[in-house]
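Q: return a 3D structure for these sequence lines:
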Amino acid sequence: VQLQASGGGLVQAGGSLRLSCAASGSIFRIGVMGWHRQTPGKQREMVATFGRDGSTNYADSVKGRFTISRDSAKNTVVLQMSSLKPEDTAVYYCYAVVVVGGTTYWGQGTLVTVSS
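A: Have a look, this model is predicted:
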């Protein structure tokens, strides 16, 4: 499984950004897809997940502001981020967990910078 993330950039506080992650390879093996983020000196934290059954899960810090969606036909997971805050500044990583074995695959990070 290979993951290609895109969509990061610089935005002012209160603005919006859309991150996209396209999966390729053995996509039939994919179960959960989602996004984590990481800032320097901190551990990577879960932002949002999208289960194979359509269930979603969000970090408390982004609930009501971020929306995760998944297009199975295009093998893509999208994170729509609104009402962005400076504390959302981080490198965002998409990931996919295969159903059998539970191996997690990561995309390259995409930097999101929110200016105050």
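Q: could you give the bridge partners of Phe66?
A: Applying DSSP bridges to Phe66 gives these bridge partners: Met81.
Q: how many other residues sit next to it?
A: Number of residues near Phe66 (other Cβ atoms under 10 Å) recorded here: 22. C-betas here are computed from N, CA, C, even on glycine.
Q: dump the residue contacts of Ala90.
A: Arg37, Gln38, Thr39, Leu111, Val112 (Cβ atoms under 8 Å, 6 or more residues apart in numbering).
Q: show me what the residue nearest to it when sequence neighbours are not counted bridges to in the sheet.
A: Leaving aside its chain neighbours, Ala90 sits nearest to Arg37 (3.8 Å; criterion: Cβ to Cβ, 6 or more residues apart in numbering). Under DSSP bridges, the beta-bridge partners of Arg37 are Glu45, Tyr92.
Q: what's the separation between the residue nearest the centre of the chain and Val100?
A: With distances taken as Cα atoms, centre = their mean, Trp35 lies nearest the centre of the chain, 2.5 Å away. Separation of Trp35 from Val100 (Cβ to Cβ, to the nearest Å) stands at 23 Å.
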